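Visitor: Predicted model and sequence below, questions to follow.
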Amino acid sequence: MKRLIALLLCALLLVPTLGFAAAFPTAQQTGLEAYIDENGRVRAILNGEDSGELPFDGVSRIVHVGRTQIFLTAQTMEGQTALFVWNPLLSSQDSSILIAAVAGDPVFVAVDSAIYYLAAENPRQLMKVDADTVTGESEAVRLLPSATCELSEAMDGLYITISGPWKAYFSRILDAEANTLRPAPFDSDAVWKNFGEFETQITPEGGLELRLAGETEWMSVSYDDVIAQAAMNGKLYYLLNEGEGKTWLACFDPNAETDQLTYLYDFSESLQPELLAGEGAVFMIDPVGNILALDPDDGQFMGFWCVDNAPSAHMTLVDRNLLVYDVTDGAYALRLKEELPWAQEKAVEYRRLAMGSRGEDVRAMQARLNKLGYNSGKEDAIFGINTQQAVIYFQDAVGAPQDGVMTPELQEKLFAANAPAFAEFIELSRGGRTGVRVRTMQERLRALGYLADVADGIYGRRTEAAVLLFQNENGLRGTGVASVETLRLLMSADAAVCSSYIPLRVGDSGIRVSELQERLHELGYLVGKPSGVFDSPTAEALRLFCKVNGLPEQTSADESLQRRVYSPVATRYTGFIELKYGDSDERVKDLQKRLTELGYYHGDIRGNYRSITREAVRLFQEWNGLNANGVATIQTQELMFSGNAKPYIEPTPVPTPIQTTTP
């Protein structure tokens, strides 16, 4: 019983995420860390600098350490357990904000970026605090079925379970977006642990299983007696009790295609059930309390520390230091704070991160991008579209290929002390930088009608002309160079919509093309609704317009031709134009009516050129000696609407001759 109490107290005392230091390999990258010191006070480390003890007495637990604040629980003067937030950037008065009186232990859930707790006045009421805010205003989430619920963090969300015999009947994950409870993907009777990139469970039968983030299937890791687990760089490390005073240290790599399991070291003694991985090492505790550090790559010992008077020792890592606590019969003390000599020198081993990647290294990358101003969104350890866009902007800043993939080499630049901060606007010019910034500018020019060319991220002649036109129409000096002043106005709500004609040609798209197509349709030269894409029918409509209006024929629209198209004296066209499958227009409706009169069409007359209409046209062409391709060409329509059109006559069935008996 004492051993169980000691383990629970240890969970309250230590920083919740043991891999925190491993996710931020250097002091410059760390941002904010916290631990409970030898005086029982929370101590904060900001960017490698010791900020000293925080002004809280009776601290019971560090709940969450974010980018700019620390959430913790402590006793109030009234004897209640309260949830506090401390922010090193604000004053002491603003930083010591009482969030709520809580029942039980609050839990931080990374996927929701929220802290959940049970209300002290009603332990069935589940409450929620946004962990990204400073003030931490709480909101009620839902009532739970029992006042004996326990909260913990799972990969998929908040894990809620009832204590006692009803546990198996109420083991649920909270879907924060839908505010619904769904069955948890693990055995409620198993010893379960969340490592961020994967979850493990020691089944009631004694087997160890692992489930990767985003998957539902569990893979078997071990059938032996596992006494401790830890994770680092996407790998699971665990201690196996072999009996007869022997313990194995093993490693399981769930992402490896072959040889997923590796036995690293065979200890000829029974180690304590405590394991820690981080800073490139795996840490264990021998029977008398000595700390052993082992290199997980080659199995060599990296360090040894003797801890005096610590019969129940427990470990954590903070700011490249190993901290060892002793918890005995309810009393705790920090027995060792040892700087790891290799943590300063060991090269960080980054892995390739791309869309769909998950894990603490993704969270670290997101935090670093956000700190530099690249706005990767919620730091949820999931590489999504917002993170990819932030990576592309960082790649633009350092001149790397803008593919949205965070390579190990790019991460070295991201976590470097001289990493470039995000600049909202950077001057752009023809022949200069290419990529996301040019493409974003082009998309805005297209939206305002200054550009119809594709937004390809290349600052070419047409982009330069569009910038020049924007400058002229918005009271700026016309240079064709997108200065910071030009970009700031372009991206603002004050930017004027283009009022000039811009050249249009085959391949262009956007609102200016749609406007041209709508006008050509209004004048009778184009069939169907505007597609916004300057295709061959649009080019043919322009050619026909020029022919009817006595202009030199052309298939692109310069300023002079557009003025004529939009002028009130533009001649309307009442002749035939080619109709084909997919068109939808009054012309198609007239076509269907005429085909009905001639007996070729028996469908609904709705003006939609679909398969029935196409078959009727093909049949008409076949009966009238034309190329039967189902396209209502001008030649087909001229004959169809003339007095020479042959109506369809149902062929008379030829009687089958009756065979007579041969005499």
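Guide: In hand now; what should we look at?

Visitor: rest of the way, CA atoms for contacts and neighbours
Guide: OK.

Visitor: What segments of the stretch 301-450 of the chain are helices?
Guide: In the stretch 301-450 of the chain, the helices defined using DSSP state H, counting those that start in this stretch lie at 360-371, 385-398, 408-414, 436-447.

Visitor: count of neighbours near Met315?
Guide: For Met315, the tally of surrounding residues (other C-alpha atoms under 10 Å) stands at 24.

Visitor: which non-adjacent residue is nearest it?
Guide: Using C-alpha to C-alpha, 6 or more residues apart in numbering and skipping the chain neighbours, the partner closest in space to Met315 is Val324 (4.5 Å).

Visitor: For that neighbour, give the beta-bridge partners.
Guide: Judged by DSSP bridges, the bridge partners of Val324 are Met315, Leu336.

Visitor: wait, doesn't it sit right on Lys337?
Guide: Yes. In this structure, Val324 is within contact of Lys337 by C-alpha atoms under 8 Å, at 6.7 Å.

Visitor: Among these two, which residue is more densely surrounded?
Guide: Val324 (23 against 17).

Visitor: wait, what's in contact with that one?
Guide: 313-316, 334-337 (C-alpha atoms under 8 Å, 6 or more residues apart in numbering).

Visitor: center of the chain - which residue?
Guide: What sits nearest the mean C-alpha location of the chain, by C-alpha atoms, centre = their mean, is Gly384, with 1.6 Å.

Visitor: how about the helices of the stretch 301-450 of the chain, which one is nearest Thr203?
Guide: helix 360-371 (25.6 Å; C-alpha to C-alpha).

Visitor: quick check: angle from that closest one to helix 385-398?
Guide: 60 degrees (axes from the mean of the first three to the mean of the last three C-alpha atoms, to 10 degrees).

Visitor: Residues contacting helix 360-371, please?
Guide: The contact list for helix 360-371 (C-alpha under 8 Å, 6+ apart) reads 23-24, 29, 67, 196-197, 233, 353, 375-383, 387, 390-391, 411, 414-415.

Visitor: what does stretch 249-258 give?
Guide: Contact with stretch 249-258 is made by 212, 221, 234-240, 260-267, as judged by C-alpha under 8 Å, 6+ apart.

Visitor: so where's the stretch 1-150 of the chain uncertain?
Guide: 1-31, 47-48, 67-68, 88-98, 100, 133-136 (pLDDT under 70).

Visitor: What ranges does it have for its helices?
Guide: 2-13, 20-23, 27-30, 92-95.

Visitor: Please enumerate the strands of the stretch 201-350 of the chain.
Guide: 208-212, 219-222, 225-232, 235-243, 246-252, 261-267, 275-278, 281-285, 291-294, 301-305, 313-318, 321-328, 331-339 (DSSP state E, counting those that start in this stretch).

Visitor: For those strands, please prepare JSON lines with the additional fields mean pLDDT.
Guide: As requested, those are exported to JSON lines (pLDDT from 0 to 100):
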{"stretch": "strand 208-212", "mean pLDDT": "91"}
{"stretch": "strand 219-222", "mean pLDDT": "90"}
{"stretch": "strand 225-232", "mean pLDDT": "90"}
{"stretch": "strand 235-243", "mean pLDDT": "88"}
{"stretch": "strand 246-252", "mean pLDDT": "90"}
{"stretch": "strand 261-267", "mean pLDDT": "88"}
{"stretch": "strand 275-278", "mean pLDDT": "92"}
{"stretch": "strand 281-285", "mean pLDDT": "93"}
{"stretch": "strand 291-294", "mean pLDDT": "91"}
{"stretch": "strand 301-305", "mean pLDDT": "88"}
{"stretch": "strand 313-318", "mean pLDDT": "85"}
{"stretch": "strand 321-328", "mean pLDDT": "81"}
{"stretch": "strand 331-339", "mean pLDDT": "77"}
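
Visitor: so can I have a markdown table of these showing distance to Thr73?
Guide: Converted to a markdown table, the strands of the stretch 201-350 of the chain look like this (distance: least, C-alpha to C-alpha, whole Å):
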| stretch | distance to Thr73 |
| --- | --- |
| strand 208-212 | 31 |
| strand 219-222 | 36 |
| strand 225-232 | 25 |
| strand 235-243 | 30 |
| strand 246-252 | 35 |
| strand 261-267 | 39 |
| strand 275-278 | 24 |
| strand 281-285 | 28 |
| strand 291-294 | 29 |
| strand 301-305 | 31 |
| strand 313-318 | 19 |
| strand 321-328 | 19 |
| strand 331-339 | 17 |
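
Visitor: tell me the most buried of those strands?
Guide: Highest mean neighbour count of these: strand 313-318, a mean of 26 (counted as mean count of other C-alpha atoms under 10 Å).

Visitor: tell me the angle of it relative to strand 321-328?
Guide: Using the same axes, to 10 degrees, the inter-axis angle of strand 313-318 relative to strand 321-328 is 150 degrees.

Visitor: relative to strand 331-339, how tilted is strand 313-318?
Guide: 50 degrees.

Visitor: same for strand 313-318, what does it pack against?
Guide: Judged by 3 or more C-alpha pairs under 8 Å, 6 or more residues apart in numbering; DSSP states H and E, strand 313-318 is in contact with helix 20-23, strand 32-36, strand 275-278, strand 321-328.

Visitor: Let's see that with 7 Å instead.
Guide: strand 321-328 (3 or more C-alpha pairs under 7 Å, 6 or more residues apart in numbering; DSSP states H and E).

Visitor: Pairing partners for Val226 in the sheet, please.
Guide: Applying DSSP bridges, one finds that Val226 bridges with Leu240.

Visitor: thought it was touching Gly243?
Guide: No. If you go by C-alpha atoms under 7 Å, Val226 and Gly243 don't touch, sitting 11.4 Å apart.

Visitor: one step back: got a list of what the residue nearest to the centre of the chain touches?
Guide: Gly384 makes contact with 355-356, according to C-alpha atoms under 7 Å, 6 or more residues apart in numbering.

Visitor: same deal with Ala333?
Guide: Neighbours of Ala333 in contact, by C-alpha under 7 Å, 6+ apart: 38, 325-327.

Visitor: Does Gly510 touch Ser531 like I think?
Guide: No. In this structure, Gly510 is not within contact of Ser531 by C-alpha under 7 Å, at 8.8 Å.

Visitor: of the two, who's got more company?
Guide: Gly510 (20 against 16).

Visitor: Can you tell me which of the helices of the stretch 301-450 of the chain is most buried?
Guide: Scoring those by mean neighbour count under mean count of other C-alpha under 10 Å gives helix 360-371 as the most buried, with a mean of 23.
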